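Student: below are the sequence and a predicted model for it; my questions follow.
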Amino acid sequence: MCGIVGVLGTHEVAPLILESLKRLEYRGYDSAGIATVNNGTLDRRRAVGKLINLSDLLVHEPLTGKSGIGHTRWATHGAPTVTNAHPHRSGGVAVVHNGIIENFKALRAELAAAGLVHETGTDTETIAILTRLHLTQGMTPAKAAAATLARLEGAFALAFLFEGEDDLMIGARKGSPLAVGHGDGEMYLGSDAIALAPMTDRITYLEEGDWVVLTRAGAEIFDADGRRANRAVSRIRLDQTQVDKGGYRHFMAKEIAEQPAVLQAALAFHLDPSGQALSLPDEVDFSDCDRITLVACGTGFYAAQVAKYWFEQLARIQVETDIASEYRYRQPVLSDKAVAIFISQSGETADTLAALRHVRDQVARTIGVINVPTSSIARETDVALPILAGPEISVASTKGFTAQLLVLLLLALKAGQDRGTLSADQVKDHLATLASLPGLMRQALDRNEEIDKIARKLAEARDVLYLGRGMMYPLALEAALKLKEISYIHAEGYASGELKHGPIALIDKTMPVVVLAPRDALFEKTVSNMQEVMARQGQVLLISDPAGLEEAGEVWQSITLPTVPELIAPMIYAVPAQLLAYHAAMVRGTDVDQPRNLAKSVTVE
Ligand code: G6P
């Protein structure tokens with residue numbers, strides 16, 4: 001989950017690489033570095049922390065050369081220090097790496113026995129040393145890199161640069177994404193197309209196990225067996241790569257505000273032009289399905305938990321949800337009639353991808369609910385449904401979450417239709433309800449100023465509890481995740497009914513308790529739980545609709561949302577949860593878009 005980039009250019013490459021790394025910074029920001037070859041001489045600059053530090057360093061210590069590789073790091077092996085920052089170098093070899101080399105300890109011992117000493121605690125340095133060894137054995141750079149690749153176990157995307165070779169760069173992909181960019185007399189490598197967008201819109205996505213030899217004249221791609229491979233060049237849509245803040249202070253604010261438009265676009269895409277019928281690929285068929293498995297990580301997992309309610313209610317089908325990192329190792333009982341759905345914004349999360357690979361031959365069908373259409377999960381599922389959220393840059397997911405929810409709801413409606421638990425008229429009615437979603441979401445966004453004021457009070461707390469029942473329970477989990485990941489305030493989400501089984505012990509007058517409770521069938525029960533909190537001096541912030549707020553009576557703080565149909569309440573109630581977290585983080589002065597220790601795309605286990 002680092003970002004890598006490489007350029008064989010016709011001008012100085014350091015500024016180009018910096019610009020690309022800026023677009024990859026969402027993948028990690030513990031350190032950054034660039035290496036270039038200038039008239040045969042290999043040199044590098046590295047700095048701890050965000051890219052800005054590397055940028056400053058380059059002002060004082062410029063790096064010249066028209067060939068270069070760059071890296072932005074999310075630390076796995078070795079602390080975030082300059083020594084451990086990429087590019088790693090051994091003799092005339094420089095390497096940048098995204099992923100984990102699982103057998104690096106064995107390789108390290110082998111190299112040490114041969115007298116080759118590591119200077120860093122990283123697994124990546126092993127790659128550089130091994131390649132250098134192969135060079136000293138008389139191999140060409142390409143052969144040396146290939147010989148190294150043959151020894152590596154684990155997941156990686158790599159870019160190699162060699163001293164004395166101004167017109168050569170080698171890339172490799174196994175388990176982590178890597179794209180080749182084609183320019184006019186220039187060639188590029190990047191972790192994703194967004195990184196390369198300022199330079200080219202002509203992209204080749206490498207397949208698993210591919211490695212590539214780049215010169216300015218073009219790319220020679222080899223598959224895992226060393227055979228020449230033909231991989232298509234595709235043109236990417238530049239509107240999919242726009243990553244400016246559009247006048248907002250943070251990407252997160254922009255992405256929250258984009259939600260009505262995103263949901264509108266997703267509805268238009270997945271419904272027929274009349275808006276009264278689903279328009280999903282034929283492979284999305286639940287007729288013979290005996291259970292649904294939903295697998296994801298992070299925010300996607302909470303979307304899955306909401307969807308469980310929809311699938312059960314609308315399609316009366318057994319549903320299991322699991323965190324990908326648990327699912328793949330817990331020997332799940334599978335059915336050849338099951339439909340397994342993998343939810344991932346990036347489509348590259350290592351655990352989710354591994355879970356997919358683990359089950360795909362044992363279930364009837366796999367479906368991806370993804371945002372990046374060229375991602376591994378999109379390509380490896382039987383059918384991939386785009387959520388059409390556009391680039392999500394803020395590490396904390398917002399529009400990705402609500403767009404995932406929408407697509408999952410459409411899938412639940414399809415399941416109900418296929419299984420005969422919903423009549424054609426009922427599906428039509430539900431779709432008519434969905435048409436009001438973007439407008440209702442706009443109304444929720446209109447509460448921004450009011451939420452800002454309340455967030456100022458919330459920001460003073462050390463701990464915050466979120467409560468919800470039914471679909472508001474997973475939403476409470478997501479709301480707590482949002483708050484903790486960007487404001488660093490400790491927060492937990494609980495099912496309201498579980499309060500008295502433990503968390504109530506935490507309640508006192510310093511503890512805000514955010515209650516997500518539309519006035520629905522479960523409302524009275526939630527209000528009882530709220531009373532239990534208030535009886536113990538807990539500070540209740542109630543998020544509800546006018547009827548709910550009136551019925552609940554006096555509370556510490558409240559946020560009034562529009563009255564919304566139960567079916568779409570999770571999407572609408574996500575908005576105040578996101579805005580509360582955002583404004584609380586602003587008060588705390590944290591780095592909203594790039595919170596400490598996190599990364600957007602987690603391509604390591
Ligand atoms: C990281 C991100 C989260 C995201 C999770 C799963 O932890 O910070 O925002 O929910 O990964 O990512 P995915 O791309 O698979 O949805």
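Tutor: The structure has been received and is ready for your questions. Numbering: from 1, shown residues only.
Student: those helices in the stretch 101-250 of the chain, which residues are they?
Tutor: 104-113, 124-136, 141-149, 193-196 (DSSP state H, counting those that start in this stretch).
Student: now render the ones you listed as JSON lines, adding distance to the ligand, mean pLDDT and mean neighbour count.
Tutor: For glycine as for every other residue, the C-beta is placed from the backbone atoms N, C-alpha and C. Below are these laid out as JSON lines (distance: least, C-beta to the nearest ligand atom, whole Å; pLDDT from 0 to 100; neighbours: other C-beta atoms under 10 Å):
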{"stretch": "helix 104-113", "distance to the ligand": "24", "mean pLDDT": "93", "mean neighbour count": "15"}
{"stretch": "helix 124-136", "distance to the ligand": "22", "mean pLDDT": "96", "mean neighbour count": "24"}
{"stretch": "helix 141-149", "distance to the ligand": "26", "mean pLDDT": "97", "mean neighbour count": "21"}
{"stretch": "helix 193-196", "distance to the ligand": "14", "mean pLDDT": "89", "mean neighbour count": "26"}
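Student: those helices into a markdown table, with extra columns for distance to Ala268?
Tutor: Output for the helices of the stretch 101-250 of the chain, formatted as a markdown table (distance: least, C-beta to C-beta, whole Å):
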| stretch | distance to Ala268 |
| --- | --- |
| helix 104-113 | 48 |
| helix 124-136 | 44 |
| helix 141-149 | 44 |
| helix 193-196 | 24 |
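Student: what count of nearby residues applies to the closest residue to the ligand within the chain?
Tutor: Nearest residue of the chain to the ligand, counting by C-beta to the nearest ligand atom: Gly298, 2.8 Å away. For Gly298, the neighbour count with other C-beta atoms under 10 Å is 24.
Student: phi and psi next, for it.
Tutor: Torsion angles at Gly298 (phi, psi; degrees, to the nearest 10) stand at phi 60, psi -130.
Student: how confident is the prediction for it, by pLDDT?
Tutor: Gly298 is assigned a predicted lDDT (pLDDT) of 96.
Student: contacting residues for it?
Tutor: For Gly298, the contact set (C-beta atoms under 8 Å, 6 or more residues apart in numbering) comprises 349, 397, 481, 602.
Student: in a markdown table: these, plus pLDDT.
Tutor: Compiled in a markdown table, the contacts of Gly298 are given as follows (pLDDT from 0 to 100):
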| residue | pLDDT |
| --- | --- |
| Thr349 | 91 |
| Ser397 | 96 |
| Leu481 | 97 |
| Val602 | 71 |
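Student: and the residues you listed as JSON lines, adding distance to Asn230?
Tutor: Listed next are those as JSON lines, based on distance: C-beta to C-beta, whole Å:
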{"residue": "Thr349", "distance to Asn230": "29"}
{"residue": "Ser397", "distance to Asn230": "36"}
{"residue": "Leu481", "distance to Asn230": "43"}
{"residue": "Val602", "distance to Asn230": "31"}
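Student: farthest-separated two in those residues?
Tutor: Greatest spatial distance in those: Thr349 and Leu481, 15.2 Å, computed using C-beta to C-beta.
Student: who's more crowded, these two?
Tutor: Thr349 (28 against 23).
Student: correct me, but the more buried one touches Ala599?
Tutor: No. Contact criterion C-beta atoms under 8 Å: Thr349 and Ala599 do not qualify, at 10.7 Å.
Student: quick one: Leu294 and Ala304 touch, right?
Tutor: Yes. Counting by C-beta under 8 Å, Leu294 touches Ala304, with 3.7 Å between them.
Student: which one of the two has more residues nearby?
Tutor: Ala304 (30 against 27).
Student: so the more buried one, which state does it fall into?
Tutor: Secondary structure, DSSP: H, G, I helix; E, B strand; the rest coil: Ala304 is helix.
Student: what does Asp322 give?
Tutor: Assignment for Asp322 (three-state DSSP): strand.
Student: grab the nearest non-local neighbour of it.
Tutor: Of all residues not flanking Asp322 in the chain, Val295 sits nearest, at 5.5 Å (C-beta to C-beta, 6 or more residues apart in numbering).
Student: got the phi and psi for the one you found?
Tutor: Taking degrees, to the nearest 10 as the convention, Val295 sits at phi -130, psi 140.
Student: ok, now the one 4 residues further on?
Tutor: Torsion angles at Thr299 (phi, psi; degrees, to the nearest 10) stand at phi -60, psi -40.
Student: repeat that for Ser325.
Tutor: phi -70, psi -20.
Student: wait, it touches His358, no?
Tutor: No. Ser325 lies out of contact with His358 (C-beta under 8 Å); the separation is 11.7 Å.
Student: got the contact list for Ile170?
Tutor: 141-142, 145, 158-160, 211-214.
Student: and what of Leu271?
Tutor: Per C-beta under 8 Å, 6+ apart, neighbours of Leu271: 277-279, 410, 431.
Student: for it, give me the pLDDT.
Tutor: pLDDT, read off for Leu271, is 96.
Student: from Lys414, how far out is it?
Tutor: The gap separating Leu271 from Lys414 is 11 Å, by C-beta to C-beta, to the nearest Å.
Student: hang on, the earlier thing: overlap in contacts, Leu294 and Ala304.
Tutor: 321, 341, 343, 408.
Student: now list the buried members of those residues.
Tutor: Neighbour counting by 16 or more other C-beta atoms under 10 Å classes 321, 341, 343, 408 among the shared contacts of Leu294 and Ala304 as buried.
Student: host element of the second one?
Tutor: In this structure, Ile341 is located in strand 338-344 according to DSSP states H and E.
Student: show me what that strand is packed up against.
Tutor: Under the contact definition 3 or more C-beta pairs under 8 Å, 6 or more residues apart in numbering; DSSP states H and E, strand 338-344 sits against strand 291-296, helix 298-315, helix 350-359, strand 365-370, helix 399-419.
Student: shaky segments in the stretch 1-150 of the chain?
Tutor: 1 (pLDDT under 70).
Student: for stretch 30-41, buried residues please.
Tutor: Counting neighbours by 16+ other C-beta under 10 Å, one finds that the buried residues in stretch 30-41 are 30-38.
Student: now find how far off-centre it is within its chain.
Tutor: Relative to the chain's own centre, stretch 30-41 is displaced by 28 Å; criterion: C-alpha atoms, centre = their mean, to the nearest Å.
Student: ok, now stretch 262-276?
Tutor: Worked out by C-alpha atoms, centre = their mean, stretch 262-276 lies 24 Å from the chain centre.
Student: stretch 407-414 too?
Tutor: So, by C-alpha atoms, centre = their mean, the centroid of stretch 407-414 is 21 Å from its chain's centroid.
Student: kindly report the same for stretch 289-300.
Tutor: 16 Å.
Student: re earlier: lowest-confidence stretch among the helices and strands packed on strand 338-344?
Tutor: Ranked by mean pLDDT, the helices and strands packed on strand 338-344 end with helix 350-359 at the bottom, a mean of 93.
Student: circling back: near the ligand, from the buried residues of stretch 30-41?
Tutor: The subset of the buried residues of stretch 30-41 within reach of the ligand, counting by C-beta under 6 Å from any ligand atom, is empty.
Student: dump those residues to a markdown table, plus secondary structure.
Tutor: Output for those, formatted as a markdown table (three-state DSSP):
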| residue | secondary structure |
| --- | --- |
| Asp30 | coil |
| Ser31 | strand |
| Ala32 | strand |
| Gly33 | strand |
| Ile34 | strand |
| Ala35 | strand |
| Thr36 | strand |
| Val37 | strand |
| Asn38 | strand |
